[in-house]
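Participant: Test case, fold it:
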Amino acid sequence: MKKRFLKVIAFTAAVTMAAAMITTASAAIPSDGSTNAEEFAAANNNTANWENWKANWDTVRDNWEYVSITPGSNESEMNFAWYSQTRTVWFTVSEKEDMSSPVFSRVIVGTADDSIKKADVQYYACRTSVSNLSAGTYYYRIGSGEVNSFDVKDTSDGFSFIFVGDPQIGSSNSMKGSKADSEEALAKFYGLQSDAVRSDSFNWNYTLTKALEKSADASFVLSAGDQIQSRKKDAPAIATDNTFSEVEYSGFLSAPVLRSLPLAPTVGNHDASMPNYTYHFNTPNNSELGSNGIVGGDYWFTYGNALFMVLNTQDTNTEEHKQFIEEAVAANPDSTWRFVTLHQDIYGSAEHSNEPEITDLRYQLVPYFEENDIDVVFSGHDHAYSRTLMLKGAEKTSAYYDDNEDEYDEMFEYDIDTDEEISGPVYTAYQMIKDDTADEKQKAYLEYLDAVNDKNAIEETGTETAVNPDGILYMTANSSSGSKYYDLTSRMQSYVAGRWQEDIPTYSVVDITDTTFTINTYRTDTNEKIDTQFTIVKETEPEYISGDISGNGRIDLYDAIEICKNIMGMRTFNDEEKAVADYNGDGVIDLYDAIGIAKKLLEK
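Facilitator: Model prediction:
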């Protein structure tokens, strides 16, 4: 899909010998929205924090040594990654704030790489894991630096986590993607990038702070990808190194919340082209399956009763993702809940959601998800919030754009390219192609959109609760930093239960117990819900003992007598009693069932 910017179509005509000029009215595709931190802070009575952030920005921007914590293989493990200016550095963990009697103390040897060398300063990528941790608070220190803490949660009664999408720190840079092929352009690029990262990371920090206000006991953050903006192909033409994205990682990791709260990242298309992603995030159980050869492949971890499988779908070899899911499930057969996270919004409702490359990925992955009893799929990429109905059995029924995605792009652009004057924010795309169009290309486009609605995959459940559903819930996150928003599609897909876009950062809180999954999503300006709460309930079927009419957990003479009473019409069994009264399993409740119970008692 081509990048869309504000497009103005104007023409002039010489209408007199004096060359008087006439300009037509503008036609336009609305530009992507974003949240300016200074304005957002003022609107939320947060100006003092913004001014303090600006005053300290140079220190934040130039600090490449922020630590990153990720979940370990399970809730008793914690993974750490950071940059160091020395090749070796002590890493210490203790249950005491004064760092005495450490439970872990080790010299960590970092890895050097030209991609993490700034001017004449070589940085070393360091990582370590700490395991066998019991529930409680721990303190850690890198070298002789400051002491920070983290909590290991008790998951016996369930746990909570925060779900976010596309922080994409630096995306509000108006020169993003520019080749900056002169010294003047390069200086301008870096200046605008710094300003953008300053704004985006302030808002990102605010989102995490508001999320913890709502869910103070959250165990970790789950990010659906695109932690940062700059890709290798976006490198300024005359840049002397590949470190231009490090300022974005500094902004992303500078949030104080992340000194203590683990974050499980997903590889997005903006993360996938440079190896510093792998230097900043020490993810557990990494697999070569799903690897794009730069930032690694898929990974998994368990937390409490849940298995989390995180896919790198920048590698589109879906057979590898299938194998990874099967292996992760086989390694964790007793997990009550199975979750998958990937970046692309295979069931979203904004700009990307109907793209052929996205829907193709959907129809390849969905059968694998269903075969492995996945409960919920988390995604991002669409920079707008959506929640699906419970879905099962989707099949590809249109191959119209398989070999001609450019034609889809053409129709999409035409559809949202209004001839109206745009005077304010736009949250839902314009719809210029009419349902009764006679144009063959437009009709084919509408038929394709109808085909990917997946009406036949919708499972009927409650609007706020699904009890023992067969289908899967698909959640797509909005931007969590406000660095970029996309408009909702003008035609809401049939599979959508709820969606939202008002160009405000959002986050979701997920609560997990043995029997329930509950998700609520909030806007950060008011910390109020943008959608109704939705819950999946897993009710276990009652375990019946054949012949146990009384339900006391054993068969006895009472049960045989009750069967006889039923045969003689002296009592009527309810459905549960009927389920166990057919002791011999011949499909009929009769005297043979009572005799069978009596024989069993005599054998005892």
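Participant: For the rest of this, base every contact and every neighbour count on C-alpha atoms.
Facilitator: Noted.
Participant: Which residue ranges of this protein form helices?
Facilitator: 37-43, 47-55, 57-61, 183-214, 246-253, 276-280, 318-331, 356-371, 405-416, 440-451, 557-567, 575-581, 591-603 (DSSP state H).
Participant: Out of these, which gets nearest to Ser172?
Facilitator: Closest approach to Ser172 among the helices of the chain (CA to CA): helix 183-214, 5.3 Å.
Participant: tell me the mean pLDDT over that closest one?
Facilitator: Here helix 183-214 scores 95 as its mean pLDDT.
Participant: same thing with stretch 477-485?
Facilitator: 97.
Participant: Next: stretch 572-579.
Facilitator: Mean predicted confidence for stretch 572-579 is 82.
Participant: Start at 30, not 1
Facilitator: Sounds good: first residue 30 from here, last item stretch 601-608.
Participant: Give me the buried positions along it.
Facilitator: Neighbour-count burial for stretch 601-608, counted by 16 or more other CA atoms under 10 Å, picks out Glu606, Lys607, Ala608.
Participant: If we only consider those residues, which is nearest to Val159?
Facilitator: Each of these was scored against Val159 by CA to CA, and Ala608 proved nearest at 50.7 Å.
Participant: any idea how far Thr547 is from that closest one?
Facilitator: Distance, Ala608 to Thr547, using CA to CA, to the nearest Å: 32 Å.
Participant: middle-most residue in this protein, spatially?
Facilitator: Ala253 (2.9 Å; CA atoms, centre = their mean).
Participant: Go ahead and confirm it touches Asp374.
Facilitator: No. At 9.5 Å, Ala253 does not count as touching Asp374 under the criterion of CA atoms under 8 Å.
Participant: who touches both of the two?
Facilitator: Shared contacts of Ala253 and Asp374 (CA atoms under 8 Å, 6 or more residues apart in numbering): Ser408, Gly409, His410.
Participant: May I see those organised as a markdown table, with neighbour count and pLDDT added?
Facilitator: Below are the shared contacts of Ala253 and Asp374 laid out as a markdown table (neighbours: other CA atoms under 10 Å; pLDDT from 0 to 100):
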| residue | neighbour count | pLDDT |
| --- | --- | --- |
| Ser408 | 30 | 98 |
| Gly409 | 31 | 98 |
| His410 | 30 | 97 |
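Participant: Looking at these, which is nearest Leu475?
Facilitator: Leu475 has its nearest neighbour among those in His410, at 23.0 Å by CA to CA.
Participant: Not counting sequence-adjacent ones, nearest residue to that closest one?
Facilitator: Sequence neighbours aside, Gln373 is the residue nearest to His410 in space, at 5.3 Å (criterion: CA to CA, 6 or more residues apart in numbering).
Participant: got the contact list for the one you found?
Facilitator: Contacts for Gln373 (CA under 8 Å, 6+ apart) come out as Gly297, Thr342, Ile387, Ser408, Gly409, His410, Asp411.
Participant: now the strands: where do they sit in the stretch 480-629 of the chain?
Facilitator: 494-496, 502-505, 525-529, 535-541, 545-552, 563-566 (DSSP state E, counting those that start in this stretch).
Participant: Out of these, flag the one nearest Lys182.
Facilitator: strand 535-541 (13.2 Å).
Participant: Counting by contacts, list what the closest one packs against.
Facilitator: Using 3 or more CA pairs under 8 Å, 6 or more residues apart in numbering; DSSP states H and E, the elements in contact with strand 535-541 are strand 188-193, helix 212-243, strand 545-552.
Participant: angle of the shortest one against helix 212-243?
Facilitator: Read that as strand 188-193. 150 degrees (axes from the mean of the first three to the mean of the last three CA atoms, to 10 degrees).
Participant: Distance check, Gly325 against Ser144.
Facilitator: Relative to Ser144, and taking CA to CA, Gly325 is found at 17 Å.
Participant: neighbour-wise, which of these two wins?
Facilitator: Legend: neighbour count by other CA atoms under 10 Å for Gly325 and Ser144, higher for Gly325 (21 against 16).
Participant: Give me the pLDDT for the more buried one.
Facilitator: Gly325 is given a pLDDT of 94.
Participant: Please parse the protein into its domains.
Facilitator: Domains of the chain are assigned by automatic domain parsing as 88-566, 586-632.
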